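>>> Sequence first, then the predicted structure:
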Amino acid sequence: MSRERIEAEARFVTDRMLGTLTRYLRFMGYDTKSANALAEGNEKEDTLLLDISRRENRILLTRDRELARRGGDRAIWIASEDVLQQVRQLVEGGFVRPEIRMSRCSLCNSLLRPARRHEIAGAAYAPRDNPNLIFFWCPPCRKLYWMGSHGEELGRRFGEIRGEDGA
């Protein structure tokens, strides 16, 4: 399978230690389930994550070496605690392309759709001073997204990972 095909089709499940990476993967458009969505305290959570990985054809991302070992070729041990290094590891492994796609909710993983006028108007937190912004909506979360300064900064950091100088 080519690197581009892996990048386009990659689906992930993450352990509880990778919450920020989970959100970043969703910003990049990758279908990413998180252990944080599971009920806490399940002593068999690792086994459940391995089962989700196998059953749903997802790559398990974990900071737990033993869990990664148990997952074999369906799991990746994430070496760094730094989220940008985590992204870099996945880029260098050919699993993701670091660019913001604004196609998934960073909270629930649902697909976003273009926002409707009443949804934008009803979001008190939406910026009103830039008519060029494009807004997206997550129906389950009822959350509005747009490419603001936070997204632009994340995009710049992803550019650095791609080897762009940002100038």
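Arrived safely.
>>> After the helix or strand in which L49 is found, which helix or strand is next? Please name it.
Here L49 sits within helix 45-55, counting by DSSP states H and E. Where DSSP H and E defines the elements, the next helix or strand beyond helix 45-55 is strand 59-62.
>>> contacting residues for D64?
D15, M17, D46, W77 (C-beta atoms under 8 Å, 6 or more residues apart in numbering). All C-beta atoms are positioned from the backbone trio N, CA, C, and that covers glycine.
>>> Angles on the backbone of it, please.
Dihedral angles of D64 (phi, psi; degrees, to the nearest 10) stand at phi -100, psi 110.
>>> Please indicate which of the contacts of D64 are buried?
For those, a burial check counting by 16 or more other C-beta atoms under 10 Å picks out D15, D46, W77.
>>> how much space between C141 and A68?
30 Å (C-beta to C-beta, to the nearest Å).
>>> With C138 instead?
Look at C138 and A68: by C-beta to C-beta, they are 31 Å apart.
>>> Between those two, which has more neighbouring residues?
C138 (21 against 18; other C-beta atoms under 10 Å).
>>> Please name the bridge partners of that one.
K143 (DSSP bridges).
>>> what sits against it?
C138 sits next to C105, L107, C108, S110, L112, Y145 when contact means C-beta under 8 Å, 6+ apart.
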